[in-house]
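In: generate coordinates for the sequence data below:
(one chain, ligands or ions: 1)
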Amino acid sequence: MNKRKNIKRIAVFTSGGDAPGMNAAVRAVTRAALAHKLEVYGIRRGYQGMIENDFVKLEASDVSGIMHLGGTFLQTARSKDFRTYEGRKKAFESLKSHQIDAVVVIGGDGSFAGALAFTHEFDMPFVGIPGTIDNDMYGTDYTIGYDTALNTVVEAVDKIKDTASSHGRIFFIEVMGHEAGALALKAGLACGAEVTFVPEIQEEEVELDKFLAKDYKNKKRSGIIMVAEGDRAGGALKLAEQVQQKHPEIDVRVTILGHIQRGGSPTANDRVAATQMGVAAVNALLDDQKSVMVGLKNDKIVHVPLSKVVKTNRDFDAELLYIQRLINSAY
Ligand code: F6P
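Out: Below is the predicted model:
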């Protein structure tokens, strides 16, 4: 039931770093809104498109055949203009020029921080859907894109392991994640990495020394060292250089996976999560909720205030790191 009587037209957009599954989320928001007899506008290129009034009306057929596509057909951007009041005011004027009553933003914590600032200044309900490969957001077990990125990393590292063992080399693999280690953590375990460096834990250089001194010299003869880009050790290149200087006899190589982690057809998990959250976002707006993020906790939809999401760091579960160390201590 549409508690908020005056919601007749909503806008949806994707913001920040793109993530596989964003299209599935836009599709679900659009279809759910139309099913509730609302009108839907897509905003192109994130907040920058909102400022520049780059809107497109969406019908059910406009979001057909996109669920399996990576990226975002609405495109996305990081908008410096939106960080200014003038920019946000222009964005509000654009929304009003299309008689938009509420907005769904699909993005990461930076996008939600923008939404929060906006809703403090203008009367416009915003609901956020967590869309980022980093899986670094408070209040939800899951952000759209993480599962696909994780599988992309595993597929790439499995290939690197072939050549590492052929040549008896140690590969330092750098993965994305911004300032979080979630991607590196699960990828490290899934790929059988000997050591995984994450920003949240700072003991892994000891683990690396142990591996090099014991396992590598005696039996392993090749290895994968997983490194989160935000790790305080300075990233894969720096770590590899340090190891090469300390152990000139070891054959070291570096692979920085980069933006391959942001593309690809979303996995079933990402498609399902995106669809659940897209429908939940429309329901939240119809239930008169605003400035909340819809998330998943133990596979159930939750609503978390944006103010809490933006200012709270996500808990880091180091358990997987200890499991990895135990597995590798068997040598
Ligand atoms: O937040 C998603 C993310 O892929 C991070 O993991 C990464 O550090 C960043 O975006 C890269 O940003 P850009 O695509 O602007 O280079």
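In: and the gap between M50 and the ligand?
Out: M50 is 19 Å from the ligand, where distance means CB to the nearest ligand atom, to the nearest Å. For every residue, glycine as well, the C-beta is placed using N, CA and C.
In: check H120 too.
Out: Distance from H120 to the ligand, by CB to the nearest ligand atom: 24 Å.
In: likewise V294?
Out: From V294 over to the ligand (counting by CB to the nearest ligand atom), the distance is 19 Å.
In: give me the element the nearest residue to that residue once chain neighbours are set aside is part of.
Out: Excluding its sequence neighbours, the residue lying closest to V294 (CB to CB, 6 or more residues apart in numbering) is A280, at 4.2 Å. In this structure, A280 is located in helix 268-286 according to DSSP states H and E.
In: quick one: buried residues of the helix or strand following that helix?
Out: The first helix or strand that comes after helix 268-286 along the chain, using DSSP H and E, is strand 292-297. For strand 292-297, a neighbour-count test (16 or more other CB atoms under 10 Å) marks V292, M293, V294, G295, L296 as buried.
In: can you redo these as a markdown table with pLDDT?
Out: What follows is the buried residues of strand 292-297, written out as a markdown table (pLDDT from 0 to 100):
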| residue | pLDDT |
| --- | --- |
| V292 | 97 |
| M293 | 98 |
| V294 | 98 |
| G295 | 98 |
| L296 | 98 |
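In: so how far is the worst-scoring helix or strand of the chain on mean pLDDT from its chain's centroid?
Out: Sorted by mean pLDDT, DSSP states H and E, the helices and strands of the chain end with helix 204-210, the least confident at a mean of 85. Between the centre of helix 204-210 and the centre of its chain there are 28 Å (CA atoms, centre = their mean, to the nearest Å).
In: ok, stretch 251-261 next?
Out: The answer for stretch 251-261 is 19 Å, by CA atoms, centre = their mean.
In: which residue is the nearest non-sequential neighbour of R9?
Out: Once flanking residues are discounted, R9 sits nearest to E39: 4.2 Å by CB to CB, 6+ apart.
In: so which elements touch the strand or helix carrying H303?
Out: Per DSSP H and E, H303 falls inside strand 300-305. Packed against strand 300-305 by the contact rule (3 or more CB pairs under 8 Å, 6 or more residues apart in numbering; DSSP states H and E) you find helix 268-286, strand 292-297.
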